[in-house]
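Undergrad: what follows is a predicted protein model with its sequence.
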Amino acid sequence: MHGVRNSHPNLAGIVPYDPKYLPAKQYLSANENPSNVPEEVQLEIRKALKGFPFNRYPDPLGNELRDLIAEANGLSRENVLLGNGGDELLFNLALTWGGPGRTFLNVPPTFSVYEANARLTGTKVVNVPRKENFDIDEEAVLARMAEGDIDFAVITSPNNPTGKMANETFLRKLLDSSDALIMVDEAYFEFSRFSMRPYLDQYENLVILRTFSKAFSLAGVRMGYLLANASVIREFLKVRQPYSVDSVSQAIATAVYRNRSLFVPGINQIIEQRGVLLEELGKMPGVTVFDSDSNYVLFRVADADEIWRGLYDRGVLIRDFSHSQYLENCLRVSVGSPEENQVFLGALAEILNERS
Ligand code: PMP
(Lines give C-alpha, C1' and ligand atoms only; values in the text may rest on other atoms or scores of the structure.)
Protein backbone atom coordinates (compact mmCIF):
# COMPACT_ATOMS: atom_id res chain seq x y z
CA MET A 1 0.00 0.00 0.00
CA HIS A 2 1.18 3.55 -0.69
CA GLY A 3 2.20 5.07 2.66
CA VAL A 4 1.22 8.26 4.43
CA ARG A 5 3.50 10.60 6.32
CA ASN A 6 3.26 10.88 10.10
CA SER A 7 0.41 12.78 11.74
CA HIS A 8 1.15 15.78 13.96
CA PRO A 9 3.88 15.06 16.53
CA ASN A 10 1.50 16.13 19.34
CA LEU A 11 -0.43 12.93 18.66
CA ALA A 12 2.52 10.68 19.52
CA GLY A 13 1.62 8.66 22.61
CA ILE A 14 -1.97 9.93 22.75
CA VAL A 15 -4.49 7.18 23.36
CA PRO A 16 -8.03 7.90 22.09
CA TYR A 17 -10.55 8.47 24.89
CA ASP A 18 -12.20 5.19 25.81
CA PRO A 19 -15.33 5.35 28.00
CA LYS A 20 -14.91 1.57 28.55
CA TYR A 21 -18.56 0.95 27.72
CA LEU A 22 -19.30 -2.78 27.55
CA PRO A 23 -22.63 -4.56 27.13
CA ALA A 24 -24.18 -5.11 30.56
CA LYS A 25 -27.50 -5.56 32.32
CA GLN A 26 -26.85 -2.54 34.50
CA TYR A 27 -24.90 0.55 33.47
CA LEU A 28 -23.35 2.28 36.44
CA SER A 29 -20.11 3.33 34.77
CA ALA A 30 -20.68 6.67 33.04
CA ASN A 31 -22.40 8.89 35.64
CA GLU A 32 -25.50 9.00 33.51
CA ASN A 33 -28.95 9.72 34.91
CA PRO A 34 -30.70 6.42 35.71
CA SER A 35 -34.01 7.92 34.50
CA ASN A 36 -34.85 8.86 30.96
CA VAL A 37 -36.39 12.25 30.15
CA PRO A 38 -39.93 12.34 31.69
CA GLU A 39 -42.64 11.08 29.35
CA GLU A 40 -44.43 14.43 29.12
CA VAL A 41 -41.21 16.15 28.02
CA GLN A 42 -40.62 13.38 25.47
CA LEU A 43 -44.08 14.14 24.07
CA GLU A 44 -43.20 17.81 23.80
CA ILE A 45 -39.97 16.87 22.01
CA ARG A 46 -41.88 14.70 19.52
CA LYS A 47 -44.22 17.60 18.84
CA ALA A 48 -41.31 19.97 18.34
CA LEU A 49 -39.77 17.57 15.82
CA LYS A 50 -42.96 17.28 13.72
CA GLY A 51 -42.46 19.06 10.40
CA PHE A 52 -38.94 19.95 11.58
CA PRO A 53 -36.78 21.87 9.06
CA PHE A 54 -34.04 19.21 8.84
CA ASN A 55 -32.87 20.75 5.55
CA ARG A 56 -31.93 24.06 7.23
CA TYR A 57 -28.76 24.90 9.12
CA PRO A 58 -29.22 25.44 12.86
CA ASP A 59 -29.17 28.82 14.54
CA PRO A 60 -25.36 28.89 14.95
CA LEU A 61 -25.37 29.95 18.60
CA GLY A 62 -28.74 28.45 19.60
CA ASN A 63 -29.99 31.79 20.85
CA GLU A 64 -33.36 30.57 22.12
CA LEU A 65 -31.76 28.12 24.55
CA ARG A 66 -28.93 30.55 25.23
CA ASP A 67 -31.49 33.13 26.38
CA LEU A 68 -33.30 30.62 28.59
CA ILE A 69 -30.06 29.60 30.29
CA ALA A 70 -29.01 33.24 30.65
CA GLU A 71 -32.32 34.19 32.23
CA ALA A 72 -32.27 31.27 34.66
CA ASN A 73 -28.80 32.34 35.79
CA GLY A 74 -29.48 36.07 35.97
CA LEU A 75 -27.17 36.72 33.03
CA SER A 76 -27.50 37.85 29.43
CA ARG A 77 -27.04 36.01 26.15
CA GLU A 78 -23.45 37.30 25.83
CA ASN A 79 -22.52 35.36 28.97
CA VAL A 80 -23.61 31.95 27.67
CA LEU A 81 -22.13 29.67 25.04
CA LEU A 82 -23.55 26.31 23.97
CA GLY A 83 -21.32 23.41 22.98
CA ASN A 84 -21.64 19.94 21.53
CA GLY A 85 -21.47 18.46 25.01
CA GLY A 86 -19.23 19.89 27.68
CA ASP A 87 -16.47 17.93 25.96
CA GLU A 88 -16.42 20.29 22.98
CA LEU A 89 -16.16 23.31 25.25
CA LEU A 90 -13.26 21.67 27.06
CA PHE A 91 -11.50 21.22 23.74
CA ASN A 92 -12.24 24.85 22.90
CA LEU A 93 -10.74 25.88 26.24
CA ALA A 94 -7.43 24.31 25.21
CA LEU A 95 -7.64 26.08 21.83
CA THR A 96 -8.41 29.49 23.31
CA TRP A 97 -6.20 29.67 26.41
CA GLY A 98 -3.73 26.88 25.57
CA GLY A 99 -1.40 26.13 22.68
CA PRO A 100 2.38 26.11 22.13
CA GLY A 101 4.16 28.29 24.66
CA ARG A 102 1.16 28.23 27.01
CA THR A 103 0.76 26.42 30.35
CA PHE A 104 -2.16 24.56 31.92
CA LEU A 105 -2.43 23.76 35.62
CA ASN A 106 -4.18 20.47 36.30
CA VAL A 107 -5.17 18.92 39.64
CA PRO A 108 -5.12 15.13 39.19
CA PRO A 109 -6.69 12.71 39.69
CA THR A 110 -9.46 14.40 37.76
CA PHE A 111 -11.30 14.20 34.42
CA SER A 112 -8.64 12.93 32.00
CA VAL A 113 -9.95 14.94 29.05
CA TYR A 114 -8.39 18.20 30.31
CA GLU A 115 -4.85 16.90 30.12
CA ALA A 116 -5.46 15.08 26.82
CA ASN A 117 -6.72 18.32 25.23
CA ALA A 118 -3.72 20.22 26.54
CA ARG A 119 -1.32 17.69 25.06
CA LEU A 120 -3.19 17.67 21.77
CA THR A 121 -2.83 21.43 21.45
CA GLY A 122 0.85 21.47 22.44
CA THR A 123 0.09 23.10 25.81
CA LYS A 124 2.53 22.51 28.66
CA VAL A 125 0.83 20.63 31.52
CA VAL A 126 1.72 21.34 35.15
CA ASN A 127 0.19 18.71 37.43
CA VAL A 128 -0.33 19.56 41.10
CA PRO A 129 -1.58 16.24 42.52
CA ARG A 130 -4.29 16.03 45.14
CA LYS A 131 -3.57 14.81 48.66
CA GLU A 132 -3.96 11.15 49.69
CA ASN A 133 -7.65 11.73 50.56
CA PHE A 134 -8.12 13.49 47.17
CA ASP A 135 -8.57 16.94 48.70
CA ILE A 136 -6.93 19.64 46.58
CA ASP A 137 -3.47 20.53 47.87
CA GLU A 138 -4.54 24.16 48.12
CA GLU A 139 -1.21 25.60 49.31
CA ALA A 140 0.66 23.77 46.54
CA VAL A 141 -1.77 25.00 43.85
CA LEU A 142 -1.60 28.61 45.08
CA ALA A 143 2.19 28.44 45.35
CA ARG A 144 2.42 27.16 41.78
CA MET A 145 0.05 29.87 40.54
CA ALA A 146 2.27 32.48 42.21
CA GLU A 147 5.08 31.61 39.79
CA GLY A 148 3.02 33.55 37.24
CA ASP A 149 3.36 31.34 34.16
CA ILE A 150 -0.02 29.54 34.32
CA ASP A 151 -2.38 30.57 31.49
CA PHE A 152 -5.37 28.49 32.58
CA ALA A 153 -6.48 25.92 35.13
CA VAL A 154 -9.49 23.66 35.57
CA ILE A 155 -10.98 22.88 38.96
CA THR A 156 -13.73 20.28 38.85
CA SER A 157 -16.39 20.79 41.48
CA PRO A 158 -17.53 18.19 42.37
CA ASN A 159 -14.44 16.42 41.09
CA ASN A 160 -14.69 13.42 38.79
CA PRO A 161 -13.93 10.65 39.71
CA THR A 162 -13.18 11.44 43.36
CA GLY A 163 -16.52 13.10 44.24
CA LYS A 164 -15.97 16.14 46.50
CA MET A 165 -16.58 19.81 45.78
CA ALA A 166 -13.75 22.30 45.82
CA ASN A 167 -13.65 24.70 48.74
CA GLU A 168 -15.26 28.09 48.01
CA THR A 169 -12.62 30.11 49.88
CA PHE A 170 -9.89 28.30 47.98
CA LEU A 171 -11.58 29.03 44.64
CA ARG A 172 -11.74 32.72 45.52
CA LYS A 173 -8.07 32.72 46.48
CA LEU A 174 -7.26 30.97 43.21
CA LEU A 175 -9.20 33.56 41.19
CA ASP A 176 -7.43 36.33 43.11
CA SER A 177 -4.01 34.74 42.73
CA SER A 178 -3.46 35.71 39.08
CA ASP A 179 -5.18 36.69 35.85
CA ALA A 180 -5.07 33.10 34.55
CA LEU A 181 -8.42 31.83 33.27
CA ILE A 182 -9.91 29.53 35.89
CA MET A 183 -12.51 27.09 34.63
CA VAL A 184 -14.72 25.63 37.33
CA ASP A 185 -16.18 22.49 35.80
CA GLU A 186 -19.66 22.21 37.33
CA ALA A 187 -20.79 19.23 35.24
CA TYR A 188 -22.20 17.71 38.45
CA PHE A 189 -23.16 20.87 40.35
CA GLU A 190 -26.88 19.97 40.49
CA PHE A 191 -25.93 17.15 42.87
CA SER A 192 -23.80 19.39 45.11
CA ARG A 193 -26.10 22.41 44.88
CA PHE A 194 -23.16 24.79 44.92
CA SER A 195 -22.15 27.04 42.05
CA MET A 196 -19.54 29.72 41.53
CA ARG A 197 -22.09 31.67 39.46
CA PRO A 198 -22.30 34.54 42.03
CA TYR A 199 -18.61 35.27 41.43
CA LEU A 200 -18.95 35.96 37.70
CA ASP A 201 -19.73 39.62 38.42
CA GLN A 202 -16.46 39.96 40.27
CA TYR A 203 -14.04 37.85 38.25
CA GLU A 204 -13.39 38.22 34.54
CA ASN A 205 -11.04 35.24 34.83
CA LEU A 206 -13.80 32.81 35.87
CA VAL A 207 -15.55 30.49 33.43
CA ILE A 208 -18.09 27.86 34.49
CA LEU A 209 -18.80 24.67 32.55
CA ARG A 210 -22.14 22.86 32.79
CA THR A 211 -23.79 19.97 30.97
CA PHE A 212 -27.21 18.52 30.17
CA SER A 213 -25.74 14.99 30.32
CA LYS A 214 -26.21 14.29 34.02
CA ALA A 215 -29.02 16.04 35.93
CA PHE A 216 -31.05 16.53 32.73
CA SER A 217 -30.78 12.96 31.38
CA LEU A 218 -29.42 14.07 27.98
CA ALA A 219 -26.06 12.29 27.71
CA GLY A 220 -27.20 10.95 24.34
CA VAL A 221 -27.99 14.37 22.94
CA ARG A 222 -24.70 16.23 23.52
CA MET A 223 -25.34 19.63 25.03
CA GLY A 224 -23.12 21.61 27.34
CA TYR A 225 -22.67 25.30 28.06
CA LEU A 226 -20.34 27.91 29.47
CA LEU A 227 -21.17 30.82 31.74
CA ALA A 228 -18.60 33.60 31.69
CA ASN A 229 -18.07 37.30 31.19
CA ALA A 230 -18.73 38.49 27.65
CA SER A 231 -15.03 39.17 26.97
CA VAL A 232 -14.23 35.49 27.67
CA ILE A 233 -17.17 34.18 25.61
CA ARG A 234 -15.96 36.31 22.68
CA GLU A 235 -12.62 34.48 22.67
CA PHE A 236 -14.39 31.10 22.67
CA LEU A 237 -16.49 32.27 19.72
CA LYS A 238 -13.32 32.62 17.66
CA VAL A 239 -12.54 28.90 17.81
CA ARG A 240 -16.07 27.50 17.86
CA GLN A 241 -17.27 25.37 14.94
CA PRO A 242 -20.06 27.51 13.44
CA TYR A 243 -22.72 24.77 13.65
CA SER A 244 -21.36 22.63 16.44
CA VAL A 245 -24.73 22.32 18.15
CA ASP A 246 -27.26 20.82 15.73
CA SER A 247 -30.84 22.02 15.52
CA VAL A 248 -32.34 18.75 16.79
CA SER A 249 -30.21 18.89 19.94
CA GLN A 250 -31.16 22.54 20.38
CA ALA A 251 -34.87 21.67 20.16
CA ILE A 252 -34.57 18.74 22.58
CA ALA A 253 -32.47 20.63 25.12
CA THR A 254 -34.81 23.64 24.93
CA ALA A 255 -37.82 21.45 25.77
CA VAL A 256 -35.88 19.87 28.62
CA TYR A 257 -34.67 23.19 30.01
CA ARG A 258 -38.15 24.73 29.89
CA ASN A 259 -39.34 21.76 31.96
CA ARG A 260 -36.34 21.57 34.23
CA SER A 261 -38.46 21.61 37.40
CA LEU A 262 -39.64 18.10 36.41
CA PHE A 263 -36.09 16.83 36.88
CA VAL A 264 -35.84 17.96 40.51
CA PRO A 265 -37.43 14.81 42.05
CA GLY A 266 -34.96 12.66 40.08
CA ILE A 267 -32.04 14.75 41.29
CA ASN A 268 -33.30 14.50 44.87
CA GLN A 269 -33.57 10.74 44.54
CA ILE A 270 -30.00 10.52 43.25
CA ILE A 271 -28.77 12.57 46.22
CA GLU A 272 -30.71 10.32 48.62
CA GLN A 273 -29.45 7.15 46.93
CA ARG A 274 -25.88 8.49 47.04
CA GLY A 275 -26.34 8.49 50.81
CA VAL A 276 -27.41 4.84 50.70
CA LEU A 277 -24.37 3.86 48.62
CA LEU A 278 -21.98 5.81 50.89
CA GLU A 279 -23.44 4.23 54.00
CA GLU A 280 -23.60 0.66 52.72
CA LEU A 281 -20.16 0.76 51.09
CA GLY A 282 -18.80 2.25 54.32
CA LYS A 283 -19.95 -0.86 56.21
CA MET A 284 -18.26 -3.34 53.89
CA PRO A 285 -15.04 -4.83 55.28
CA GLY A 286 -11.98 -3.93 53.25
CA VAL A 287 -13.72 -1.10 51.39
CA THR A 288 -12.54 2.50 51.77
CA VAL A 289 -15.24 4.83 50.51
CA PHE A 290 -14.63 8.46 49.57
CA ASP A 291 -17.34 10.98 50.43
CA SER A 292 -19.23 12.36 47.44
CA ASP A 293 -21.17 15.51 46.54
CA SER A 294 -21.96 14.09 43.11
CA ASN A 295 -23.87 11.30 41.35
CA TYR A 296 -21.14 8.68 41.77
CA VAL A 297 -19.07 7.21 44.56
CA LEU A 298 -15.40 6.27 44.44
CA PHE A 299 -14.14 3.45 46.61
CA ARG A 300 -10.90 1.57 47.15
CA VAL A 301 -10.66 -2.15 47.63
CA ALA A 302 -7.85 -4.70 47.35
CA ASP A 303 -7.66 -6.48 43.98
CA ALA A 304 -10.07 -3.92 42.54
CA ASP A 305 -9.70 -5.19 38.98
CA GLU A 306 -10.85 -8.65 40.06
CA ILE A 307 -13.75 -7.13 42.00
CA TRP A 308 -14.66 -5.13 38.90
CA ARG A 309 -14.63 -8.35 36.84
CA GLY A 310 -16.81 -10.13 39.43
CA LEU A 311 -19.37 -7.34 39.23
CA TYR A 312 -19.28 -7.36 35.46
CA ASP A 313 -19.78 -11.13 35.40
CA ARG A 314 -22.91 -10.48 37.48
CA GLY A 315 -24.18 -7.97 34.91
CA VAL A 316 -23.12 -4.77 36.70
CA LEU A 317 -20.82 -2.42 34.80
CA ILE A 318 -18.97 0.14 36.94
CA ARG A 319 -15.79 2.09 36.12
CA ASP A 320 -12.38 0.61 36.85
CA PHE A 321 -9.77 3.25 37.66
CA SER A 322 -7.54 0.79 39.48
CA HIS A 323 -4.71 1.10 36.98
CA SER A 324 -4.95 4.89 36.58
CA GLN A 325 -2.30 7.11 38.11
CA TYR A 326 -3.15 8.20 41.71
CA LEU A 327 -6.20 5.87 41.75
CA GLU A 328 -4.68 2.51 42.58
CA ASN A 329 -7.38 -0.05 43.46
CA CYS A 330 -10.15 2.52 42.97
CA LEU A 331 -13.53 1.81 41.40
CA ARG A 332 -16.29 4.32 40.69
CA VAL A 333 -19.95 3.44 40.79
CA SER A 334 -22.56 5.83 39.41
CA VAL A 335 -25.69 6.29 41.49
CA GLY A 336 -28.41 4.29 39.76
CA SER A 337 -32.07 3.70 40.53
CA PRO A 338 -32.79 2.29 44.02
CA GLU A 339 -33.17 -1.19 42.46
CA GLU A 340 -29.90 -0.92 40.52
CA ASN A 341 -28.05 0.24 43.60
CA GLN A 342 -29.36 -2.73 45.60
CA VAL A 343 -28.26 -5.14 42.85
CA PHE A 344 -24.82 -3.53 42.83
CA LEU A 345 -24.49 -3.63 46.65
CA GLY A 346 -25.71 -7.23 46.78
CA ALA A 347 -23.28 -8.33 44.07
CA LEU A 348 -20.35 -6.56 45.73
CA ALA A 349 -21.19 -8.03 49.16
CA GLU A 350 -21.34 -11.48 47.60
CA ILE A 351 -17.97 -11.08 45.87
CA LEU A 352 -16.28 -9.76 49.02
CA ASN A 353 -17.82 -12.59 51.04
CA GLU A 354 -16.58 -15.24 48.63
CA ARG A 355 -13.05 -13.83 48.80
CA SER A 356 -12.80 -13.59 52.59
N1 PMP B 1 -16.74 17.47 32.87
C2 PMP B 1 -16.73 16.40 33.65
C3 PMP B 1 -16.07 16.48 34.98
C4 PMP B 1 -17.31 15.22 33.21
O5 PMP B 1 -17.28 14.13 34.00
C6 PMP B 1 -17.94 15.17 31.95
C7 PMP B 1 -18.61 13.92 31.46
N8 PMP B 1 -17.97 12.75 31.66
C9 PMP B 1 -17.91 16.33 31.17
C10 PMP B 1 -17.32 17.47 31.67
C11 PMP B 1 -18.48 16.39 29.79
O12 PMP B 1 -19.76 15.97 29.70
P13 PMP B 1 -20.56 16.05 28.35
O14 PMP B 1 -19.59 16.13 27.21
O15 PMP B 1 -21.39 14.83 28.32
O16 PMP B 1 -21.37 17.32 28.44
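TA: Here it is on my side, so go on. What you see is a predicted model; the values in this text were computed from it and never measured.
Undergrad: burial of the nearest residue to N329 once chain neighbours are set aside, as a residue count?
TA: Nearest residue to N329, sequence neighbours excluded (CB to CB, 6 or more residues apart in numbering): A304, at 4.2 Å. No exception for glycine: its C-beta is placed from N, CA and C like everyone else's. Neighbour count for A304, taken as other CB atoms under 10 Å: 19.
Undergrad: A304 contacts I318, doesn't it?
TA: No: counting by CB atoms under 8 Å, A304 stays clear of I318, with 10.1 Å between them.
Undergrad: shared neighbours of the two, anything?
TA: Any residue near both A304 and I318 by CB atoms under 8 Å, 6 or more residues apart in numbering counts here, and that gives L331.
Undergrad: all helices of the stretch 251-356 of the chain, in order?
TA: Assigned by DSSP state H, counting those that start in this stretch, the stretch 251-356 of the chain shows helices spanning 264-283, 304-313, 338-355.
Undergrad: between these, which one is closest to the ligand.
TA: Closest approach to the ligand among the helices of the stretch 251-356 of the chain is made by helix 264-283 (14.8 Å; CB to the nearest ligand atom).
Undergrad: what's the offset of the closest one from the middle of its chain?
TA: A distance of 19 Å separates the centroid of the chain from that of helix 264-283, by CA atoms, centre = their mean, to the nearest Å.
Undergrad: residue ranges in the stretch 101-250 of the chain under the pLDDT threshold?
TA: Across the stretch 101-250 of the chain, nothing is flagged by pLDDT under 70.
Undergrad: reformat the helices of the stretch 251-356 of the chain as TSV; add distance to V126 and mean pLDDT.
TA: Shown next, in TSV, are the helices of the stretch 251-356 of the chain (distance: least, CB to CB, whole Å; pLDDT from 0 to 100):
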stretch	distance to V126	mean pLDDT
helix 264-283	32	98
helix 304-313	29	98
helix 338-355	37	97
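Undergrad: let me have those in CSV, adding distance to R210 as columns.
TA: Conversion of the helices of the stretch 251-356 of the chain to CSV gives the following (distance: least, CB to CB, whole Å):
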stretch, distance to R210
helix 264-283, 14
helix 304-313, 30
helix 338-355, 25
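Undergrad: same list (these) but as a markdown table, adding distance to the ligand.
TA: Shown next, in a markdown table, are the helices of the stretch 251-356 of the chain (distance: least, CB to the nearest ligand atom, whole Å):
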| stretch | distance to the ligand |
| --- | --- |
| helix 264-283 | 15 |
| helix 304-313 | 19 |
| helix 338-355 | 19 |
